[in-house]
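Engineer: turn this into a model:
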Amino acid sequence: MNESATPRVLIISHDVVGGRMAGPGIRAWQLAGVLAAEHPVTLVAPRMIDLQPPGFLCGDYTWGDSASLAAWLREADLVVANGFVLEGHPELAAIAQPLALDLYDPVLLENLELLRAAPPEQRADRAARDQDLLARQLAAGDFFLCATERQRDLYLGALMLAGRLTPSLADADPQARGLIDVAPFGLPAQPPVKLAPALRGALDGVGADDPLLLWAGGLWDWLDPLTLVEAMPQVLARHPDARLVFLAGRHPGVASEMRAPRQARQRAQALGLLGRQVFFYDEWVPYARRADFLLEATVAVSLHRSHLETAYAAVRSRFLDHLWAGLPSVVSDGDAAAELVRRHGLGRVVPPEDPAALAAALIDLLDDPAERADCAARASDLAREFTWERTLAPLRRWARSANVAGATRRRRAAMEQPATESAAPQPELPALALDQLTELIRQAETLWRIGDAGAPAGGLNPRDAVRAAVRQAAAPVYQRQTEFNAVVVRALYWLMSEVQRAETQHDADRAAIHAGRDDLLRRLLELSLQLTDVEGRLRTIAREALPSVHDRLADEELASTALAQEISRLVMRLQP
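Structural biologist: As a prediction, this is how the structure comes out:
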């Protein structure tokens, strides 16, 4: 890049960006819009973006396909990505460009709640993978975004353990705002405008003048719609014409299926409220139409249980929409939104999972139109402090300075190490030609992912049943081997960047770079000796799994002499 040119910014979303999108997609779209005021910006997502971009380019890539992302990276001078992108694209950790990672969404804490009902081994595996992902994020980023000061404290502790808070950093940046800063979720600067009826007059059972309680946003498992359903009988006893609507459409991306929508419906059905006083709007509301729904509400509600995700969550986009639409809010205590409601007089804060306290708060607000109007006015005033242009100011500052500062990540290996003139020279391995290394990485990209070929087509037959059971038993082996291979690929990418950088360094720097490269080569050789024979492990798994498969099929009256012979032949074939 010409040093005097404006850096070209690539923004990478891991979630859907388009007409129907959730918080991560909305945030990526707005990041692109704000940075486009000063930079050439390209926004890419795993699916084609069906919105008309205002002043920036859009594209798509294939999740897990490094080549599809590499084409966009080649045209970028700065890269901004949601931290979760490293899950599918570990190679992003080794790019030469300065990298900003957005950690506003604490995935590890969300998954602790999302998988609460899952088998213990599944929860432990996901937690271990999330911890590994966070460690890789903290090592890879040159700059980090988070959503609240409380989140920043959490990540500062993790960065300290990761060795990122050093004396030299403290000397240059005493508060470390150049390493990690707060960029809350934001709001449009323009006030909302109603375009068409959404619920009143459009949803059977919701009248034009009914007091309308609105749950805006998805029904996620770390939230608490059940308490709201359980509070409704008390609310209806005072306000029999009150109606509650959940915007409960399925996530437009690839998020896991949640238990909360089903549980809330079942509870409303058990209380005799479903379809009469409690309604579930089952389509994901298009981003451009959310104002139509918000502006029809009387009171907006956002509730959660008490857990770690609550304590460290961002100010949720659904709550910020309350401010944007000028709505009084009722929220659970314990998160950043509750602090805003209490400090600014925006409505009521109630204890988590307390239907009686919630019902009392809702009745108070429905009883008092003057208080609702005061809360609404204060909400609208506060919304002006959360425009995207304001909340993303730290990212704009970083993008302006990143082309001057350069990719400091590549010099971390030598940080805090005092130079000594008497240091013994390090022996070098034979130089690895750049074209050879490039070919090695190309092969690694092709081969690093392993796994089964998926479920057999058609109905269940004996041979398919056996194969399916072996695949299921082998899944943890495939997963661990794939993760191990990904580590090797990341190391190769890092080595590639070091070799490229060595070509541009002064002679005084080359010895240190080559020494680091040679040390990495030795470690790669050691890693290669640790690669385990997957086929051998699969044979062991097959021998262990097949007897239980036979027993289970016999119990289901699917076993036969032919099946027994098939199993025997398969076991014999898998014997070493």
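Engineer: can you tell me the helix or strand for the residue nearest to residue 290 when sequence neighbours are not counted?
Structural biologist: Nearest non-adjacent residue to residue 290, counting by CB to CB, 6 or more residues apart in numbering: residue 321, 6.5 Å away. Using the backbone N, CA and C atoms, a C-beta is placed for each residue, glycine as well. Mapping residue 321 onto the secondary structure by DSSP states H and E places it in helix 317-324.
Engineer: run through who's touching that helix.
Structural biologist: Identification of contacts with helix 317-324 by CB atoms under 8 Å, 6 or more residues apart in numbering yields 23, 26-27, 185-188, 191-192, 216-217, 290-291, 294, 300, 302, 328-329, 331, 337, 340, 346, 379-380, 382-383, 386.
Engineer: can I get it in CSV? Just the C-alpha atoms.
Structural biologist: These are the backbone C-alpha positions of helix 317-324, laid out as CSV (Å, rounded to 0.1, in the frame of the first residue of the first chain):
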residue,chain,number,x,y,z
SER,A,317,-29.7,-4.4,20.8
ARG,A,318,-33.3,-5.1,21.8
PHE,A,319,-33.0,-2.8,24.8
LEU,A,320,-31.4,0.0,22.7
ASP,A,321,-34.4,-0.3,20.4
HIS,A,322,-36.5,0.6,23.4
LEU,A,323,-34.6,3.9,23.6
TRP,A,324,-34.7,4.5,19.9
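Engineer: tell me which strands and helices the helix or strand following it is in contact with?
Structural biologist: The first helix or strand that comes after helix 317-324 along the chain, using DSSP H and E, is strand 329-332. Using 3 or more CB pairs under 8 Å, 6 or more residues apart in numbering; DSSP states H and E as the contact test, the elements touching strand 329-332 are strand 299-302, helix 317-324, helix 336-344, strand 347-350, helix 355-367.
Engineer: including mean neighbour count, mean pLDDT and distance to residue 38, could those go into TSV?
Structural biologist: Compiled in TSV, the helices and strands packed on strand 329-332 are given as follows (neighbours: other CB atoms under 10 Å; pLDDT from 0 to 100; distance: least, CB to CB, whole Å):
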stretch	mean neighbour count	mean pLDDT	distance to residue 38
strand 299-302	26	96	34
helix 317-324	25	92	24
helix 336-344	19	95	29
strand 347-350	23	97	37
helix 355-367	19	97	43
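Engineer: looking at these, which is nearest to residue 271?
Structural biologist: When those are ranked by distance to residue 271, counting by CB to CB, first place goes to helix 355-367 at 11.0 Å.
Engineer: quick one: contacts of that closest one?
Structural biologist: Where contact means CB under 8 Å, 6+ apart, the residues beyond helix 355-367 that reach it are 211, 213, 227-228, 230-232, 234-235, 238-239, 242, 298-299, 301, 303, 328, 330, 347-348, 350-351, 371-372, 375.
Engineer: in which helix or strand does residue 214 reside?
Structural biologist: Counting by DSSP H and E, the secondary-structure element that holds residue 214 is strand 212-215.
Engineer: measure stretch 329-339 end to end?
Structural biologist: End-to-end distance for stretch 329-339, by CA to CA, to the nearest Å: 12 Å.
Engineer: what of stretch 245-260?
Structural biologist: Here the two ends of stretch 245-260 are set 15 Å apart, with distance taken as CA to CA.
Engineer: which residues are in contact with that stretch?
Structural biologist: Residues external to stretch 245-260 that are found in contact with it (CB under 8 Å, 6+ apart): 15-16, 18, 20-22, 25, 114, 117, 199, 203, 206, 212-221, 223, 225-226, 261, 264, 278-285, 293.
Engineer: list the buried ones in stretch 114-134?
Structural biologist: Under the neighbour-count criterion of 16 or more other CB atoms under 10 Å, stretch 114-134 has 114-115, 123, 125-126, 130, 133-134 buried.
Engineer: so which of these are in helices?
Structural biologist: Within the buried residues of stretch 114-134, residues falling in helices by DSSP state H are 114, 123, 125-126, 130, 133-134.
Engineer: about what we covered before: in a markdown table, list the helices and strands packed on strand 329-332 along with distance to residue 105.
Structural biologist: Supplementary listing: the helices and strands packed on strand 329-332 in a markdown table, determined by distance: least, CB to CB, whole Å:
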| stretch | distance to residue 105 |
| --- | --- |
| strand 299-302 | 16 |
| helix 317-324 | 11 |
| helix 336-344 | 13 |
| strand 347-350 | 23 |
| helix 355-367 | 26 |
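Engineer: and of the ones you listed, who's closest to residue 310?
Structural biologist: Closest approach to residue 310 among the helices and strands packed on strand 329-332 is made by helix 336-344 (9.2 Å; CB to CB).
Engineer: that closest one packs against which elements?
Structural biologist: Judged by 3+ CB pairs under 8 Å, 6+ apart, helix 336-344 is in contact with strand 329-332, strand 347-350, helix 369-383.
Engineer: list the contacts of residue 164.
Structural biologist: If you count contacts by CB under 8 Å, 6+ apart, residue 164 has them with 138, 179.
Engineer: hang on, it in a helix?
Structural biologist: No: looking at residue 164 with DSSP: H, G, I helix; E, B strand; the rest coil, it is coil, so not inside a helix.
Engineer: closest to residue 5 out of the helices and strands packed on strand 329-332?
Structural biologist: Evaluated with CB to CB, those place helix 317-324 nearest to residue 5, the distance being 34.4 Å.
Engineer: okay, the angle between the closest one and helix 336-344?
Structural biologist: Inter-element angle recorded for helix 317-324 and helix 336-344: 20 degrees (by axes from the mean of the first three to the mean of the last three CA atoms, to 10 degrees).
Engineer: what is the burial count for the closest residue to residue 6 other than its chain neighbours?
Structural biologist: Distance criterion CB to CB, 6+ apart; nearest residue to residue 6, sequence neighbours excluded, is residue 39 at 5.6 Å. Burial of residue 39, expressed as a neighbour count using other CB atoms under 10 Å, amounts to 20.
Engineer: so for residue 83, which of the helices and strands packed on strand 329-332 sits nearest?
Structural biologist: Closest approach to residue 83 among these is made by helix 317-324 (17.5 Å; CB to CB).
Engineer: just want the angle from that closest one to helix 369-383.
Structural biologist: Using the same axes, to 10 degrees, the inter-axis angle of helix 317-324 relative to helix 369-383 is 110 degrees.
Engineer: assign a three-state SS to residue 59, would you?
Structural biologist: Secondary structure, three-state DSSP: residue 59 is strand.
Engineer: check contacts around it.
Structural biologist: Listed by CB under 8 Å, 6+ apart, the contact partners of residue 59 are 42-44, 49, 72.
Engineer: out of these, which are inside strands?
Structural biologist: For these, the ones inside strands are 42-44, with DSSP state E as the criterion.
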